[in-house]
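Engineer: sequence and predicted structure, then a few things I'm wondering about:
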Amino acid sequence: MRRALLVGSIVIIVISVFGHYLPEDPQAFGLLTLVPSLFLIVYIFWTKRILEALILASLMGFLMVHRGGFFEAFNDAVLKVLMSEDMAWLFLVCGLMGSIIALIEHAGGSFAFGDWVSRRAKTRESSLLWAWVLGMAIFIDDYLNSLTVGSSMAPVTDRHKVSREMLAYVVDSTAAPVCVLIPISTWGVFVGRLLESNGLAAEGEGLVYFMRTIPYNFYAWFAAGIVPLVILGIIPVFGPMKRAETRASETGVLAPPGSEKIDIKAGEAPYVPKRPRLVNFFAPMIFLVAATIYFDVDMARGVVSTMAFMFAIYVVQDLVGAAEFAELSVKGIKNMLFPLLMMVLAFTFAEANEQIGFTAYVIHGAAPLMSPALMPVITFFVLGITEFITGTNWGMYVIALPIVIPLSQTIGADPVLAVAAVLSAGVWGAHICFYSDATILSSAAAGCDNYRHAVTQMPFGFVAAGLAAIAFVIAGYVT
């Protein structure tokens, strides 16, 4: 804490001193727009404390724009984030997903599922392959995917001394990478609407245009595809992940230090239900997917209706009473508070970056390097790094697509390939980011510190990114 206060004070003093020499117009900051992001990355690697890093980097950005009124600007930004429709959606969906997980756990659904999988997953490799298969099957939303697969598979992989880092990697690699390849998903609907609003697709044709990008969404294909190769040892485990696996197998310490802060099941004693039944796991999951699709792929309506469905089936079976149902629901929401707090700070940092013009500066700076053939791979790398820093993939899409689409049309590049590169960049950047929603929720569900999850997953993310880059180069010259 003393170090954070000292560093924060130094940062504020330095920026305050040099703030006098900064241009009044943030659009004239130029390279200075990179300063808060560089500070954030260095501070995270130095201290491994992500919450402090997000706060200090946000304050730095607001100080650059608002000078002496930086703290008020920070406060306004936090309020703006909390009151935004996106954050309200996150609190509703993620909070109630925590409730759904707590209720399934109490009703014995998770226990029954774990027992059912354990009878079939008799080795370390097979337990992880089951997690991969389950992740591929729950394609409707990446949040649903991460939270369901991570929380339900952790007890299974624990029996085979699989590190939580490895489980989090498998979970994260079959969440957003799978959802962005499926039209009937929250990702497909969101991107389709963006394509319509930016004039690339006619009204009502956004989803059809999104489907044209699927074959070219190379990072998503490679990220999900190399997971079984890693599990089976065809691609060897190396780097920080190898050290994590060695720790788990030799010492039995499955989770890295600090994981209890983000683990949604931290501090809970093992619960053995009286009547574990597999139907109490699958029925809510199937209903949730079906309800979400029924409500035009609206995840918020899906989770609310699923809560009502669970109340009916669990009360009828006398698994919970009305009062206990309410208590478990609140408990599940509480379990999600720390991950949600981290996402609030990540969105606040993104707001600071938007005010100093970070994303627009990076994109416009890369524009002179563009050619029809090289635009896809340059877009992938530039926006992937941008997403790694900002941590909000959908937010990056909102900013980047209105710039990339007309740019591709102006220079004669294939717009479909350019959009696919933007989508791949968002998934890749969020995949390796320490504080993206994908990293946070996968870490929370798997019970793994999000810094360690990002560090151990990063090498495999770069492997998939390298393969994707080659594919984008080839596609850029062929199409």
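Structural biologist: Done, it's in.
Engineer: drop to CA atoms for contacts and neighbour counts, all remaining ones
Structural biologist: OK.
Engineer: residue 221 against residue 176, yeah?
Structural biologist: No: the criterion here is C-alpha atoms under 8 Å, and residue 221 misses it with residue 176 at 10.8 Å.
Engineer: quick one, which of the two is more surrounded?
Structural biologist: residue 176 (28 against 21; other C-alpha atoms under 10 Å).
Engineer: tell me, how many residues neighbour residue 42?
Structural biologist: 12.
Engineer: now do the same for it: its pLDDT.
Structural biologist: Looking at residue 42, its pLDDT reads 86.
Engineer: residue 189 too?
Structural biologist: pLDDT at residue 189 comes out at 85.
Engineer: which SSE is it in?
Structural biologist: Residue 189 belongs to helix 186-197 when assigned by DSSP states H and E.
Engineer: just checking, what packs against that helix?
Structural biologist: Judged by 3 or more C-alpha pairs under 8 Å, 6 or more residues apart in numbering; DSSP states H and E, the packing partners of helix 186-197 are helix 176-179, helix 206-213.
Engineer: what angle do it and helix 206-213 make?
Structural biologist: 110 degrees (axes from the mean of the first three to the mean of the last three C-alpha atoms, to 10 degrees).
Engineer: list the buried ones in helix 186-197?
Structural biologist: Residues 186-196 are the ones in helix 186-197 that count as buried (16 or more other C-alpha atoms under 10 Å).
Engineer: so how far is that helix off the chain centroid?
Structural biologist: 18 Å (C-alpha atoms, centre = their mean, to the nearest Å).
Engineer: kindly report the same for stretch 36-48.
Structural biologist: 19 Å.
Engineer: can you show me the helices along the stretch 51-200 of the chain?
Structural biologist: 70-83, 85-107, 109-118, 124-137, 142-158, 164-173, 176-179, 186-197 (DSSP state H, counting those that start in this stretch).
Engineer: nearest to residue 319, out of these?
Structural biologist: helix 85-107 (5.9 Å; C-alpha to C-alpha).
Engineer: which elements pack onto the closest one?
Structural biologist: Packing partners of helix 85-107 (3+ C-alpha pairs under 8 Å, 6+ apart): helix 142-158, helix 279-294, helix 299-316, helix 322-335, helix 337-356.
Engineer: so what's the residue count around residue 367?
Structural biologist: Per other C-alpha under 10 Å, the neighbour tally for residue 367 reads 16.
Engineer: ugh, typo on my part, it should be residue 243
Structural biologist: Residue 243 has 14 nearby residues by other C-alpha under 10 Å.
Engineer: how about residue 414?
Structural biologist: Neighbours around residue 414, by other C-alpha under 10 Å: 18.
Engineer: OK, contacts around it?
Structural biologist: 372, 408, 476, 479 (C-alpha atoms under 8 Å, 6 or more residues apart in numbering).
Engineer: tell me the phi and psi of it?
Structural biologist: phi -70, psi 120 (degrees, to the nearest 10).
Engineer: for residue 406, see how far away it is.
Structural biologist: Taking C-alpha to C-alpha, to the nearest Å as the measure, residue 414 falls 11 Å from residue 406.
Engineer: equivalent analysis for residue 324, please.
Structural biologist: Taken as C-alpha to C-alpha, the span from residue 324 to residue 406 is 55 Å.
Engineer: same check on residue 143?
Structural biologist: 31 Å.
Engineer: cool, and residue 186?
Structural biologist: Using C-alpha to C-alpha, we find residue 186 at a distance of 25 Å from residue 406.
Engineer: cool, and residue 210?
Structural biologist: Taking C-alpha to C-alpha, one finds residue 210 at 17 Å from residue 406.
Engineer: residue 89 now?
Structural biologist: Taking C-alpha to C-alpha as the measure, residue 89 falls 30 Å from residue 406.
Engineer: more crowded one of the two?
Structural biologist: Between residue 89 and residue 406, counted using other C-alpha under 10 Å, residue 406 has the larger neighbour count: 16 against 13.
Engineer: what strand or helix carries that one?
Structural biologist: Here residue 406 is assigned to helix 393-411, by DSSP H and E.
Engineer: what's the answer for residue 416, then?
Structural biologist: helix 415-432.
Engineer: helices and strands around that helix, which ones?
Structural biologist: Helix 415-432 sits against helix 206-213, helix 218-231, helix 375-390, helix 393-411, helix 437-446, helix 450-478, with contacts defined as 3+ C-alpha pairs under 8 Å, 6+ apart.
Engineer: can you say which of those is packed in most?
Structural biologist: Stretch with highest mean neighbour count among the helices and strands packed on helix 415-432: helix 437-446 (a mean of 30; mean count of other C-alpha atoms under 10 Å).
Engineer: if we can go back for a sec, format the helices of the stretch 51-200 of the chain as TSV; extra columns: distance to residue 57.
Structural biologist: Output for the helices of the stretch 51-200 of the chain, formatted as TSV (distance: least, C-alpha to C-alpha, whole Å):
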stretch	distance to residue 57
helix 70-83	11
helix 85-107	20
helix 109-118	40
helix 124-137	34
helix 142-158	26
helix 164-173	26
helix 176-179	26
helix 186-197	29
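Engineer: which of those helices sits closest to residue 277?
Structural biologist: Within the helices of the stretch 51-200 of the chain, the stretch nearest residue 277 is helix 109-118; the backing value is 5.4 Å (C-alpha to C-alpha).
Engineer: distance check, the nearest residue to residue 27 once chain neighbours are set aside against residue 35.
Structural biologist: Leaving aside its sequence neighbours, residue 27 sits nearest to residue 357 (C-alpha to C-alpha, 6 or more residues apart in numbering; 6.3 Å). Using C-alpha to C-alpha, residue 357 is found at 12 Å from residue 35.
Engineer: so, low pLDDT: which residues of the stretch 251-400 of the chain?
Structural biologist: 267-272 (pLDDT under 70).
Engineer: hang on, I meant the stretch 1-150 of the chain
Structural biologist: 1-21.
Engineer: about what we covered before: the residue nearest to residue 27 is in contact with residue 25, isn't it?
Structural biologist: No: counting by C-alpha under 8 Å, residue 357 does not reach residue 25; the two are 10.3 Å apart.
Engineer: re the thing from before, among the contacts of residue 414, which two are most distant?
Structural biologist: Farthest pair in the contacts of residue 414, by C-alpha to C-alpha: 408 and 479, 13.0 Å.
Engineer: ok, residue 416 - contacts?
Structural biologist: Counting by C-alpha under 8 Å, 6+ apart, residue 416 has contacts 209, 212-213.
Engineer: now do 10 Å
Structural biologist: 200, 209-214, 216-217, 376, 405, 408 (C-alpha atoms under 10 Å, 6 or more residues apart in numbering).
Engineer: same check on residue 166?
Structural biologist: With C-alpha under 10 Å, 6+ apart, residue 166 has these contacts: 128, 157, 172, 230-231, 237, 241-242, 244-245, 254-255, 446, 448, 453, 456-457.
Engineer: state the number of residues packed around residue 31.
Structural biologist: 11.
Engineer: any idea how far residue 177 is from it?
Structural biologist: Residue 31 is 32 Å from residue 177, by C-alpha to C-alpha.
Engineer: please report how far the residue nearest to residue 121 when sequence neighbours are not counted lies from residue 232.
Structural biologist: Once flanking residues are discounted, residue 121 sits nearest to residue 127: 4.8 Å by C-alpha to C-alpha, 6+ apart. Applying C-alpha to C-alpha, the value for residue 127 to residue 232 is 11 Å.
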